[in-house]
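# I would like to see how this sequence folds:
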Amino acid sequence: MNSLTAAGSDASTARRSSAMVVALCFVIIVFDGYDLVVYGATVPSLLAYKQWELTPGEVGAIGSYALMGMLLGALISGWLAPRVGARAIILTSLTSFSILMGLTALSPNPEIFGLLRFLGGLGLGGVVPTVIALTVEYSPPARRQFNNALMYSGYSVGGMMAALSAIALLPENSFRLMYALGLLPLVTIVPLAWRFLPESVAFLVGKGRTDEAKLLADKFGIFADSTAASDEGHRSMASLVKGPRKIPLLLLVVASFCGLLLVYGVNTWLPNIMRQAGYSLGSSLSFLLVLNIGAIAGALIASRVADRFGSKPVTVASFLLAVQAILALGLGLPLYAAMIVVAFAGLGTVGTQILVNGYVATIFSGSDRTSALGLSLGLGRIGAIFGPILGGWIASSSLGVDWNFYTYAAFAGIGCVAVALVSNRTFAARTATLPPAGLPTPTPQSTTY
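Next up is the predicted model:
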């Protein structure tokens, strides 16, 4: 009985430890969501700021600068992860991003504003693939998609915080205050992450630090992926684009491109689009809040289904939902109906990208996981860059507001096709591999992709 009690106590401790990792990564990703939506929420104020005299096209271009930085940051983090580890990437990226957000609030002109947004994006881009990989690594196989969605729901929580802050502050204050709030991570989450965030076990094994890896594996009740130590040929990002895995990876990059285009395009321009469609400024900002509420609830439900029935069919269905919801917004619905449709659009845009990220993180393993996420999110950021520019181009053109809905729905359809074409058979042989010597051997489990 004593041994059973001890085993139960160890399992309970491991669950609490894993929950701590998810919680820390959740808070970190909150600020990614805040950064995205704070720009969209301040677009009307930037356009109305007479000292800078910005056009819609210029605002769309500035919106893309942070995303260019995130593209480079994601690729760099994917390259650095097997070399320096997750902790160094997360702590450095989060600190630099917070400081640069504070400096952005002091920008004297739009050129400096755009430059600081780009530099801040470098840090933010490095954080995202790393926290996704760490969350999946420290989660039980049967809860990887759900824990990833739970963690990444912080993205939408951050978006809600930005929307609520804008509703409360913008009518009476400058947009600069919204960016000054970006200093909060420096004095809140950075000290906590320094104290409590563990290193990647796969990284430790890959560096030959098996004693440290075993201590963490025992503490958190997880197993190190054998690929981290035994599969040297898959350590570099270059190796991922060779051999049979290159086609599925390419398709997932396309899916990430479309997903991020929707996320950043819709979040940046939704208030302006809905104002053009006849809704008030207050209602337009409220749409951002509803969009992110829908993303949280929808992604959590969809990810639980994905853990049970597989990531691929659920992600395909979520992209299809995005097509339908975005097109429905162009029907001139009454306010209450439009709010409901926007909530579904939250699942179809932000929620779908969460599922794509989780799909990548579950079919790649070990040191490959962060590198694959760095590639899919890094190259996918081209879509994130293009999304705000596309919205700005439509706003500046003679095309009607409905073309926003047609265009974004078309990209959702492309993402749906890309995920549908991914072959899971390429990865099937790799799921049966055992952890390296010196670490626990897991009980065989079926894994559904």
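
# mean confidence score for stretch 140-149?
The average of the pLDDT scores along stretch 140-149 is 83.

# quick one: buried residues of it?
Neighbour counts over stretch 140-149 (16 or more other CB atoms under 10 Å) mark 140, 141, 143, 144, 145, 146, 147, 148, 149 as buried. In this view, the C-beta of every residue, glycine as well, is placed from N, C-alpha and C.

# Now render those as a markdown table, adding secondary structure and distance to residue 348.
Formatted as a markdown table, the buried residues of stretch 140-149 follow (DSSP: H, G, I helix; E, B strand; the rest coil; distance: CB to CB, whole Å):
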| residue | secondary structure | distance to residue 348 |
| --- | --- | --- |
| 140 | coil | 28 |
| 141 | helix | 27 |
| 143 | helix | 24 |
| 144 | helix | 22 |
| 145 | helix | 17 |
| 146 | helix | 19 |
| 147 | helix | 22 |
| 148 | helix | 18 |
| 149 | helix | 14 |
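
# Just the closest of the residues you listed to residue 95, please.
residue 148 (24.1 Å; CB to CB).

# Run through the residues that contact the closest one.
For residue 148, the contact set (CB atoms under 8 Å, 6 or more residues apart in numbering) comprises 132, 135, 136, 139, 303, 354, 357, 358, 361.

# With respect to residue 222, which of these is nearest?
Taking the contacts of residue 148 together and measuring to residue 222 by CB to CB, the closest member is residue 139, at 8.0 Å.

# distance of the closest one from residue 353?
19 Å (CB to CB, to the nearest Å).

# More neighbours: which of the two?
Taking neighbours as other CB atoms under 10 Å, residue 139 and residue 353 compare with residue 353 leading, 32 against 25.

# could the contacts of residue 148 be laid out in TSV, adding distance to residue 110?
Compiled in TSV, the contacts of residue 148 are given as follows (distance: CB to CB, whole Å):
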residue	distance to residue 110
132	32
135	36
136	39
139	42
303	39
354	32
357	32
358	37
361	37
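
# Restricted to buried residues, select those in PyMOL.
A single PyMOL command selects the buried members of the contacts of residue 148 (16+ other CB under 10 Å):
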select buried, resi 132+135+136+139+303+354+357+358+361
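
# Which two of the contacts of residue 148 have the greatest separation?
Most distant of these, by CB to CB, are 139 and 354, 14.1 Å apart.

# re the thing from before, okay, and which of the contacts of residue 148 map to helices?
With DSSP state H as the criterion, helices contain 132, 135, 136, 303, 354, 357, 358, 361 from among the contacts of residue 148.

# mind showing which ranges of the stretch 51-200 of the chain have poor pLDDT?
Applying pLDDT under 70 to the stretch 51-200 of the chain picks out residues 171-173.

# can you give me the helices for it?
Listed in chain order, the helices found in the stretch 51-200 of the chain under DSSP state H, counting those that start in this stretch are 56-84, 86-104, 110-137, 144-169, 176-180, 184-187, 189-196.

# To residue 47, which of the ones you listed lies closest?
helix 56-84 (6.1 Å).

# one step back: dump the helices of the stretch 51-200 of the chain into TSV; add distance to residue 418 as well.
Output for the helices of the stretch 51-200 of the chain, formatted as TSV (distance: least, CB to CB, whole Å):
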stretch	distance to residue 418
helix 56-84	19
helix 86-104	28
helix 110-137	19
helix 144-169	19
helix 176-180	35
helix 184-187	33
helix 189-196	34
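
# Could you point out which of these sits nearest residue 208?
helix 56-84 (12.8 Å).

# so how far is that closest one from its chain's centroid?
On the basis of CA atoms, centre = their mean, to the nearest Å, the separation between the geometric centre of helix 56-84 and that of its chain is 13 Å.

# Pull the contacting residues for residue 303.
145, 146, 148, 149, 150, 314, 354, 355, 358.

# and which of the residues you listed is nearest to residue 381?
residue 354 (15.7 Å).

# Can you check what pLDDT the model gives the closest one?
The predicted local confidence for residue 354 is 87.

# didn't it look like it was pressed against residue 299?
Yes. Residue 354 is in contact with residue 299 according to CB atoms under 8 Å; the separation is 4.6 Å.

# which neighbours do the two share?
Contacts common to residue 354 and residue 299, judged by CB under 8 Å, 6+ apart, are 149, 152, 153.

# what residues are up against the closest residue in space to residue 315 that isn't next to it in sequence?
The spatial neighbour of residue 315 that comes closest, neighbours along the chain excluded (CB to CB, 6 or more residues apart in numbering), is residue 355 at 4.4 Å. With contact taken as CB under 8 Å, 6+ apart, residue 355 is in contact with 145, 149, 299, 302, 303, 306, 311, 314, 315, 318.
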